[in-house]
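1. sequence and predicted structure are below.
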Amino acid sequence: MVVEERLELSDIQGAILPGFKKDHAAIISLRIDDVAGCKTWLRARAPEVARADEVLAFNRLFKQIRMRRGGEALGPKAVWTSISFSADGLSLLRSRQEIEAAFEDAFFDGMFQSALGDPPPSRWATGGTPDGVPHILVVVAADDPTHLAAAVARLDATIAETVTGGKPALRSMDTPQLGATLTGALQGHEHFGFKDGISQPAIRGVASEDPQDFVDARRLATDDANYELFAEPGRPLVWPGQFLIGYNRQDRSDFLKPFTPFEPKVPWQRNGSYLVYRRLQQKVHAFWRFCTDGARVFSEQTGREVTPEAFASRLVGRWPSGAPLVRAPAADDPDLAADNDVNNDFLFSDATPTATLVDGTVPSSGLPRARPDPNGHLCPFVAHIRKVNPRDDPTDTGGPRQTRTRLTLRRGIPYGPAKDPARLLEDDGVDRGLLFMSYQGSIQNQFEFVVKTWVNLPNSPHDSDPPTGQDPLIGQGSAPRFVRLPHDPDAADEKFTLPDETWVVMTGGGYFFTPPVSALSGALAE
């Protein structure tokens with residue numbers, strides 16, 4: 001039996017674990033102009049930063065009330081805050097020598113690297129100013145937009161009030177980046193129209209002395225064959241050191257065996273995590289123009305009618321509802337998508353075993369089963385969800401056991417208004433997209449590896465001949481970029497050239513470290 005560590009939730013920021021899960025958020029970029037004044041400000045803000053134990057307790061209460069009342073109306077509300085630092089920010093608060101010795105090289109190299117394929121900082125909307133990457137990144141999240149606005153105003157007031165020698169110790173580098181969950185038919189979706197956030201890893205670990213008080217609830221029956229591998233159908237269990245410094249990491253040869261922790265080089269690293277923040281602009285009209293044209297060409301080439309929605313779903317790996325292609329290859333299935341015990345329960349290469357839940361029930365009754373797809377005929381190898389998480393596929397780096405070492409905790413939220421569906425193919429000139437945030441134990445081995453290798457290279461993670469192409473959603477790199485899409489097991493894949501300008505454009509961000517709560521009033525404020 002796997003013995004899981006007790007996580008020090010009172011010292012872990014709640015943005016990392018279990019995540020804020022709010023409908024509204026603001027990202028505020030700050031620069032330190034006076035170190036002593038900044039430390040005073042940090043000591044005052046530390047009690048206001050959301051702790052993981054508080055956020056977990058709130059989320060559990062919220063779920064209980066929603067289940068009892070049958071909805072979210074009149075449920076509890078909260079405002080959460082997190083504080084993170086760039087390498088330059090930490091160097092000011094401690095010393096450059098200490099930070100360089102304690103943190104990985106990628107943290108210092110920064111996000112603007114040719115291998116990522118991003119536009120130059122001069123074209124960024126945030127983080128590309130002459131001041132460079134912010135020293136401090138504050139994330140404020142709330143259930144209610146008025147509560148968010150009040151919290152941001154209060155934060156601004158604390159910054160204005162922190163003055164040293166008549167000058168502010170901190171200053172905002174730009175206006176807050178505001179994010180909000182889309183509403184109506186697009187609730188829970190991103191701007192291209194696809195359900196988002198379905199696939200997330202679960203963290204191994206307990207929240208108290210009770211060995212069954214798991215941070216991520218276990219919903220599989222104890223006699224289910226996958227009980228020790230998944231927290232719930234399709235949601236893999238990953239050792240906490242993949243996301244938090246100081247804990248056991250994932251072993252590359254055994255799902256159940258812990259690998260030695262990344263030991264903190266300085267004591268205040270423990271319970272911290274690296275944060276990757278990317279402001280991703282989505283050109284919705286360009287994406288759907290490509291899918292409309294591609295569907296027409298695909299229809300001509302295959303002799304079967306292919307709709308723009310079906311073509312786009314091949315690029316994503318899911319239908320807009322969230323139904324995965326390996327369960328619903330021919331048409332969207334909203335009922336399947338709405339069942340959270342089924343919509344992420346699938347493997348790619350092998351047969352997906354039937355799950356048994358803690359109450360003895362078997363999900364997916366009456367819904368299509370996942371079919372093995374080792375050759376990428378149902379869900380193309382180049383599809384976004386298969387590129388960034390090949391699950392049980394053999395890969396160019398070793399296969400499913402190593403794949404779990406590449407997973408991250410994604411905490412993004414859309415920004416900007418939804419596109420008018422009646423003008424889907426028109427360029428309305430409106431800036432919209434995703435405020436992408438992910439937490440990981442290593443920027444280099446997780447985020448950067450996935451983007452530089454699996455996303456941007458045409459023959460990775462599936463070393464196929466011919467290469468299947470770059471990730472059609474977020475892949476970048478030198479032209480010509482392309483995708484190969486299957487249409488018949490006995491015929492060659494159809495090759496489509498992607499436009500030179502991507503329809504997801506990185507417009508700002510940076511690499512940050514989200515320290516333990518204790519460091520905000522301790523090591524970083526001494």
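-> Cool, the structure landed. In this text the structure is predicted, and so the values were computed from the model without any measurement.
2. so residue 275, which of the three states?
-> strand (DSSP: H, G, I helix; E, B strand; the rest coil).
3. the closest residue to it other than its chain neighbours: which element?
-> Spatial nearest neighbour of residue 275, excluding adjacent residues (Cβ to Cβ, 6 or more residues apart in numbering): residue 512 at 4.2 Å. Backbone N, C-alpha and C define where each C-beta goes, glycine included. Using DSSP states H and E, residue 512 falls within strand 504-514.
4. list the buried ones in that strand?
-> Under the neighbour-count criterion of 16 or more other Cβ atoms under 10 Å, strand 504-514 has 504-514 buried.
5. what does the helix or strand hosting residue 403 contact?
-> Under the criterion of DSSP H and E, residue 403 resides in helix 400-403. Residues outside helix 400-403 that contact it (Cβ atoms under 8 Å, 6 or more residues apart in numbering): 250-255, 389-393, 395, 461.
6. narrow the residues you listed to those in strands?
-> residue 250 (DSSP state E).
7. now residue 35. Nearest residue, chain neighbours left out?
-> residue 92 is the one closest to residue 35 (Cβ to Cβ, 6+ apart), at 5.4 Å.
8. enumerate every residue touching the one you found.
-> Listed by Cβ under 8 Å, 6+ apart, the contact set of residue 92 reads 32, 35, 38, 135.
9. next one: it from residue 487, what distance?
-> 56 Å (Cβ to Cβ, to the nearest Å).
10. shouldn't residue 241 be in contact with residue 251?
-> No. Between residue 241 and residue 251 no contact is recorded; they are 10.4 Å apart, counting by Cβ atoms under 8 Å.
11. and for the two, which residues touch both?
-> By Cβ under 8 Å, 6+ apart, residue 241 and residue 251 have these common neighbours: 258-259.
12. of these two, who's got more company?
-> Between residue 241 and residue 251, residue 241 has the larger neighbour count (other Cβ atoms under 10 Å), namely 24 against 17.
13. any idea what the residue lying closest to that one once chain neighbours are set aside is bridged to?
-> Leaving aside its chain neighbours, residue 241 sits nearest to residue 249 (3.6 Å; criterion: Cβ to Cβ, 6+ apart). Beta bridges link residue 249 to residue 259, judged by DSSP bridges.
14. each with direction, which strands does the lowest-mean-pLDDT helix or strand in the chain pair with?
-> None of the helices or strands of the chain scores lower by mean pLDDT, DSSP states H and E than strand 163-164, at a mean of 88. Partner strands and pairing direction for strand 163-164 (DSSP bridges) are strand 167-168 (antiparallel).
15. tell me the centre residue of this structure?
-> Centrality entry for the chain: nearest residue to the mean C-alpha point is residue 410, 2.0 Å, by Cα atoms, centre = their mean.
16. so who does it touch?
-> With Cβ under 8 Å, 6+ apart, residue 410 has these contacts: 197, 200, 436-438.
17. can you read off the pLDDT for it?
-> Confidence at residue 410, expressed as pLDDT, is 97.
18. again, but for residue 59
-> For residue 59, pLDDT reads 94.
19. please name the residues that touch the residue nearest to residue 275.
-> Here residue 512 is in contact with 84-86, 137, 274-277 (Cβ under 8 Å, 6+ apart).
20. recalculate using a threshold of 6 Å.
-> By Cβ atoms under 6 Å, 6 or more residues apart in numbering, the contact set of residue 512 is 84, 86, 137, 275.
21. how about these in JSON lines, adding distance to residue 356, neighbour count and secondary structure?
-> Shown next, in JSON lines, are the contacts of residue 512 (distance: Cβ to Cβ, whole Å; neighbours: other Cβ atoms under 10 Å; DSSP: H, G, I helix; E, B strand; the rest coil):
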{"residue": "84", "distance to residue 356": "40", "neighbour count": "27", "secondary structure": "strand"}
{"residue": "86", "distance to residue 356": "46", "neighbour count": "26", "secondary structure": "coil"}
{"residue": "137", "distance to residue 356": "43", "neighbour count": "26", "secondary structure": "strand"}
{"residue": "275", "distance to residue 356": "37", "neighbour count": "28", "secondary structure": "strand"}
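22. what's the most distant pair in those?
-> Pairwise distances across those peak at 9.7 Å for 86 and 275 (criterion: Cβ to Cβ).
23. for stretch 411-421, measure first residue to last.
-> Length of stretch 411-421, first residue to last, Cα to Cα, to the nearest Å: 26 Å.
24. again with stretch 387-399
-> Stretch 387-399 has an end-to-end distance of 13 Å (Cα to Cα).
25. tell me how many other residues surround the nearest residue to residue 443 once chain neighbours are set aside.
-> Spatial nearest neighbour of residue 443, excluding adjacent residues (Cβ to Cβ, 6+ apart): residue 106 at 4.3 Å. Per other Cβ under 10 Å, the neighbour tally for residue 106 reads 21.
26. residues in contact with residue 106?
-> Taking Cβ under 6 Å, 6+ apart as the criterion, residue 106 is in contact with 443-444, 448.
27. all strands in the stretch 401-526 of the chain, in order from the N-terminus.
-> Assigned by DSSP state E, counting those that start in this stretch, the stretch 401-526 of the chain shows strands spanning 409-410, 413-415, 433-440, 482-485, 494-497, 504-514.
28. where does the stretch 401-526 of the chain have low pLDDT?
-> Scanning the stretch 401-526 of the chain for pLDDT under 70 picks out 489-491.
29. any idea how far residue 118 is from residue 292?
-> 27 Å.
30. the two: which is more packed in?
-> Using other Cβ under 10 Å, the more surrounded residue of residue 118 and residue 292 is residue 118, with 20 against 16.
31. is it true that that one touches residue 506?
-> Yes. Using Cβ atoms under 6 Å, residue 118 is in contact with residue 506, at 4.4 Å.
32. hang on, the earlier thing: and the residue nearest to residue 35, its phi and psi?
-> Note on residue 92: backbone dihedrals following degrees, to the nearest 10 are phi -70, psi -40.
33. select only the buried ones of the contacts of residue 92 in ChimeraX?
-> A single ChimeraX command is used to select the members of the contacts of residue 92 judged buried by 16+ other Cβ under 10 Å:
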select :32,38,135
